[in-house]
Structures are given as structure tokens and as C-alpha cells.
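Visitor: attaching a predicted model along with its sequence, questions to come.
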Amino acid sequence: MSPMEDALVLVNFGGPRDLGEIRPFLTELLCDPDVIRTHLPPLAQNLLFRRIAAKRSKTISEEYAKMGDKSPIFEVTEALADNLSKKLNLPVLTFHRYLPSTHQKSLALIDACKAQKLCVLPLFPQFSYATTGSIARIFAKKLNPNTLQKLNWIRSYHSHPAFIDLFSSHIKSYLDSQDVSEEKAALFFSPHGVPTSFICSGDPYKQECETSYKKIMESFPKTASVLAYQSKFGPEEWIRPYTDEVCETITDHFGKDQTVVFVPLTFTSDHIETLVEVEDLYLPVVRKKGLRALRCPAFNFSKAWQEAIVNILKTSPRTTNALLVRDKRIRCPGKCRKGLCPYVKPLVSLPKTKDCASKILC
């Protein structure tokens with residue numbers, strides 16, 4: 001931490017803590033204009049997606065039932081905050097973007113914090129206006145102007161040496177625990193996807209995901225790998241390749257003597273996208289193709305992740321809240337729908353040599 005900062009705010013996605021919170025969680029998510037971007041007036045958009053959230057909440061409860069009727073992301077974030085508070089000997093506050101029942105208390109605590117400067121750390125390593133930017137927008141709308149002036153954001157840490165080293169060692173430890181050699185491993189990096197229109201309108205998320213991927217793979221020169229994006233929903237074109245499609249053609253990428261290990265590139269804590277989506281939708285498909293398939297867990301609140309965070313806090317540049325809020329006037333020109341956008345060309349996989357990898361552009 002900078003000597004001018006004496007409090008930390010961890011911000012995360014949030015997840016239902018019980019079945020009753022699924023509907024308000026989905027409503028808050030789907031009515032977020034940084035996540036769902038339409039040309040509808042705000043009132044009409046909110047009305048439409050409130051209805052969709054109500055309908056979807058009835059079916060998605062079965063997925064949360066597989067995780068004990070809740071998402072673990074809230075508890076993991078709170079545990080991480082408690083541990084960091086003891087480690088750093090300073091207040092660590094939290095904000096859960098899509099848990100509206102927690103907002104009033106969380107925002108009040110941030111406003112009431114006596115610290116002269118508050119460092120805000122998003123638990124999203126790669127920046128997107130749909131995640132970190134969305135939280136910056138709600139802070140701008142809800143926090144006291146004096147509090148906003150005290151916020152020092154770490155925008156992202158997708159290429160920070162502490163993050164890259166942590167991820168590399170985390171993967172190696174998992175491979176060792178599963179008795180999988182680096183030569184026989186096939187790393188399947190599966191970050192959350194976003195619509196291509198986000199990238200065309202200036203979102204750096206795809207580039208930062210690919211940078212993280214390439215830097216991590218520098219530690220695995222003997223290991224095959226692939227990058228594809230998961231969790232697509234709706235009819236819009238999303239950044240490719242899609243995880244489900246790569247799973248269907250997995251033998252085009254890896255041999256049957258290799259063990260496919262799904263790696264949560266953009267998820268620092270496990271939740272529905274890793275515990276249900278990867279486990280239920282992707283691993284079975286790969287296994288049906290005759291390959292062994294495993295899921296590497298996220299960092300959650302491990303000691304190694306806490307130590308990496310401390311390093312990131314000490315050495316990362318800061319930015320203001322205002323610089324993280326998306327300008328709604330900037331929109332995709334529509335080229336991505338015609339396959340003409342130069343920013344959304346997919347990076348599927350890397351060769352096994354460092355020299356070749358360095359020649360691949362984002």
C-alpha cells in the first residue's frame with residue numbers, strides 16, 4: 001500500500017447467498033446498462049429485463065442447488081477481506097456489485113471510512129467496463145463526492161509479475177497434485193466472454209485476457225494450450241472462439257494422451273461459472289471425446305493469493321474513479337457483425353515455443 005493510503009476496498013461480482021437472492025441478483029445484473037446495452041429507453045429496458053430475470057430465476061435455482069443453494073463468492077470475498085485486514089493491519093471493506101441487499105450498508109461504510117485515501121482493488125484481474133467499470137459507475141452515482149475524491153483505483157493487474165507468477169505456480173501445483181506432467185498437460189484457459197461490440201467500442205478486456213494468457217504460458221514451454229471464452233448468452237456475437245465449440249473439436253487441438261485442464265483465467269474465486277458451467281457443460285464433452293479432463297480451482301482466499309495481492313498493492317499505479325466509467329456515447333460501429341472488425345480476431349492457441357509465442361499479436 002502507498003503510505004498515503006490507509007484503507008482498502010475489495011470489489012467483486014457478488015452472488016446469491018440463498019435461493020431467495022437469485023431473483024434480485026439477476027435483476028441487478030440484467031438491468032445493469034454496462035452489461036446489457038440496448039437502444040431502449042432505460043425504463044423500457046429495465047421493465048423488459050426484470051421480466052427476464054423473474055423467468056430465469058425459476059430455472060437457474062437448480063444450478064445453485066448444486067452448490068448448496070448459494071454461490072460461494074460472497075463468503076470467499078469476505079474471508080479474503082478479513083485475512084487481508086489482519087495481514088495489512090488496516091480496514092478492508094467490500095462491495096458486491098450484484099447483491100443489492102448489501103449495497104446500502106457497504107456504501108455507508110465506505111462513506112464513513114476515516115481514511116484519507118482508499119485503495120480500490122477489483123477482484124477482476126483484467127479490466128472491462130462491464131465489471132470494474134460498472135462498479136466505478138455505481139460508486140460515482142451513490143458515493144459522497146468527498147469519498148469519490150479519496151478513491152485510488154488499481155485499474156487492472158492482468159500482466160503484473162505477482163499475478164503472472166502466482167498463476168503459473170498455481171497451475172504447476174495443481175498439475176503436481178493430479179500427477180500430470182507439463183508435457184502431458186493441455187491447458188484450456190476459459191475466461192468469461194463479452195459481446196464483440198464491447199471490444200469495438202474501446203473495451204480492452206480481450207487484449208488483456210490474451211496478454212495474461214501469453215505471459216502465463218511463458219512458464220510452460222512444453223505444454224499445449226488453448227484460449228476460448230465461456231458464458232455467452234443472447235443472440236449477439238461474442239468474442240471468439242467459444243468454449244463450448246472448442247470442446248466439441250477438442251481433438252483438433254490436443255491428443256488423446258493429454259490431460260485437459262480448464263484454467264479460470266479471469267475468475268479469482270470459484271462460483272457458478274466454474275463450479276457448475278465448467279463441471280457440467282464442458283468437462284463431460286471433453287471426456288466423451290476420449291480425453292481426461294480436470295478443472296483447476298480458482299485462488300479463492302489462499303495464502304499465495306493474499307501475498308500476491310500485497311505485492312500488487314505495493315507496486316501498482318493508481319487511477320481515479322472517473323477514468324473508469326464508460327462513455328455511453330461511444331458505440332460499436334457495427335463492423336463486428338460483418339466479420340470486419342480488426343479488434344476481435346480470435347487467438348485460439350499458442351505454439352509450444354516462446355519465440356513463436358512472442359510473434360503473435362493481440
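Guide: It's in. Residues are numbered from 1 along each chain as shown.

Visitor: where does L121 land in three-state SS?
Guide: Here L121 is strand, with the state taken from DSSP: H, G, I helix; E, B strand; the rest coil.

Visitor: what about it, how many neighbours?
Guide: A count of neighbours around L121, defined by other C-beta atoms under 10 Å, yields 21. Placement of C-beta: from N, CA and C, glycine included.

Visitor: next: N146.
Guide: Using other C-beta under 10 Å, N146 has 8 other residues around it.

Visitor: give the contact list for A130.
Guide: D32, D34, V35, V194, F198, D203, Y205 (C-beta atoms under 8 Å, 6 or more residues apart in numbering).

Visitor: now do the SS call for F163.
Guide: helix.

Visitor: now it: closest residue in space, sequence neighbours ignored.
Guide: Y157 (4.9 Å; C-beta to C-beta, 6 or more residues apart in numbering).

Visitor: what's the distance between the one you found and Y98?
Guide: 22 Å (C-beta to C-beta, to the nearest Å).

Visitor: now K256
Guide: Distance of K256 to Y98, given as C-beta to C-beta: 40 Å.

Visitor: okay, now the unreliable bits of the stretch 201-350 of the chain?
Guide: Scanning the stretch 201-350 of the chain with the threshold set as pLDDT under 70 gives 334-350.

Visitor: if we can go back for a sec, hang on, the residue nearest to F163 packs against I312?
Guide: Yes. At 5.0 Å, Y157 counts as touching I312 under the criterion of C-beta atoms under 8 Å.

Visitor: look at these two and report which has more neighbours.
Guide: Higher neighbour count among Y157 and I312: Y157, with 25 against 18, using other C-beta under 10 Å.

Visitor: show me what contacts that one?
Guide: P125, F163, I312, S316.

Visitor: quick one: contacts for the last one?
Guide: It refers to S316. I154, Y157, H160.

Visitor: burial count for the last one?
Guide: By other C-beta under 10 Å, 19 other residues sit near H160.

Visitor: residues contacting S101?
Guide: E21, P24.

Visitor: how about it, phi and psi?
Guide: phi -70, psi -20 (degrees, to the nearest 10).

Visitor: do you know how far it is from P16?
Guide: 10 Å.

Visitor: what does S61 give?
Guide: Counting by C-beta to C-beta, the gap from S61 to P16 is 9 Å.

Visitor: joint contacts of those two?
Guide: With C-beta under 8 Å, 6+ apart as the test, S61 and P16 both reach I22.

Visitor: which one of the two has more residues nearby?
Guide: P16 (26 against 15).

Visitor: was I right to think that one contacts E28?
Guide: No. P16 is not in contact with E28 according to C-beta under 8 Å; the separation is 10.7 Å.

Visitor: tell me, what's touching the two both at once?
Guide: What both P16 and E28 touch, as defined by C-beta under 8 Å, 6+ apart, is the set L99.

Visitor: low-confidence ranges in the stretch 1-150 of the chain?
Guide: By pLDDT under 70, the low-scoring segments of the stretch 1-150 of the chain are 1-4.

Visitor: show me where it has its strands.
Guide: All strands of the stretch 1-150 of the chain, identified by DSSP state E, counting those that start in this stretch, fall at 8-12, 92-96, 118-122.

Visitor: which residues does the last one contact?
Guide: Counting contacts by C-beta under 8 Å, 6+ apart, the residues outside strand 118-122 that touch it are 1-2, 5, 7-12, 93, 110, 131-132, 135, 147, 150-154, 156, 309, 312-313, 318, 321.

Visitor: name every strand pairing with that strand and say which way it goes.
Guide: Using DSSP bridges, strand 118-122 pairs in its sheet with strand 8-12 (parallel), strand 151-153 (parallel).

Visitor: okay, those strands, which one's buried deepest?
Guide: Ranked by mean neighbour count under mean count of other C-beta atoms under 10 Å, the strands paired with strand 118-122 are led by strand 8-12, which reaches a mean of 24.

Visitor: count the residues that sit near the closest residue to A81 other than its chain neighbours.
Guide: Nearest residue to A81, sequence neighbours excluded (C-beta to C-beta, 6+ apart): V92, at 4.4 Å. Neighbours of V92 under the rule other C-beta under 10 Å: 20.

Visitor: turn the contacts of S316 into a markdown table, columns for secondary structure and distance to L80.
Guide: Below are the contacts of S316 laid out as a markdown table (DSSP: H, G, I helix; E, B strand; the rest coil; distance: C-beta to C-beta, whole Å):
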| residue | secondary structure | distance to L80 |
| --- | --- | --- |
| I154 | coil | 15 |
| Y157 | coil | 15 |
| H160 | coil | 17 |
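
Visitor: quick one, domains of this protein?
Guide: The chain breaks down into these domains under automatic domain parsing: 8-157+316-324, 161-299+336-357.

Visitor: possible to save the ones you listed as CSV with distance to W305?
Guide: Listed next are those as CSV, based on distance: least, C-beta to C-beta, whole Å:
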stretch, distance to W305
domain 8-157+316-324, 8
domain 161-299+336-357, 4
